[in-house]
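Chemist: sequence first, then the predicted structure:
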Amino acid sequence: MPSPPGPTGPDLDTPEVFIGYLDYFRSRVLTAVESLAEDDRRRSRLPSGWTPLELARHLTFMEMRWLEWGFEGRTVGDPWGDHEGGRWSVPPGETSAQVLEALRRQGDTTSSVIRRHGMAEIGQPGPRWGGDDPPRLDRILFHVLQEYARHVGHLDIVVELATGAAGD
């Protein structure tokens with residue numbers, strides 16, 4: 001698993017720093033979910049009811065919502081396709097491998113979006129913003145990073161409950 005980028009590491013430009021952190025957090029999610037037995041990937045250990053596989057699928061859609069649908073203003077089908085009945089979901093028949101591969105592919109797409117645009121570039125107007133002015137790319141990326149950081153911590157706890165192995 002890669003190490004998180006650090007403030008004293010190589011002198012990277014801002015887009016590459018964001019990409020490095022997102023790649024790191026995404027790899028933590030993938031490694032954590034892959035460390036679980038299939039039963040534990042689809043089982044909740046929390047009162048809120050979400051499963052590790054649902055969390056991975058949520059993160060895939062979260063990146064897509066903020067960067068493709070929101071920032072770039074693309075048509076993406078169902079931007080809320082990770083939700084059913086007011087909670088995260090994985091469609092029946094979708095395998096763990098499919099969910100995790102979708103997260104990997106979304107990471108590639110996210111990196112591509114970041115590399116195509118400037119940090120100060122303003123997103124496209126659209127339904128993602130609920131009538132508000134679209135934000136700059138750097139503001140969106142800060143939000144996406146905090147969402148990943150928060151959910152990686154949640155997943156660490158679930159893996160520890162399932163396996164006894166403590167996360168970082």
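Modeler: It's in. Residues are numbered from 1 along each chain as shown.
Chemist: check the secondary structure at Leu155 for me.
Modeler: Of the three states, Leu155 takes helix according to DSSP: H, G, I helix; E, B strand; the rest coil.
Chemist: and Glu34, what does it touch?
Modeler: Residues counted as contacts of Glu34 (CB atoms under 8 Å, 6 or more residues apart in numbering) are Leu100. (C-beta placed from N, C-alpha, C; glycine too.)
Chemist: now do it against Ala162, distance only.
Modeler: Distance, Glu34 to Ala162, using CB to CB, to the nearest Å: 13 Å.
Chemist: ditto for Ala102
Modeler: Counting by CB to CB, the gap from Ala102 to Ala162 is 22 Å.
Chemist: distance-wise, check the most centrally placed residue in the chain relative to Ala102.
Modeler: The structure's the chain has its C-alpha centroid closest to Leu59; by CA atoms, centre = their mean the separation is 3.1 Å. The gap separating Leu59 from Ala102 is 10 Å, by CB to CB.
Chemist: fine by me, thanks again.
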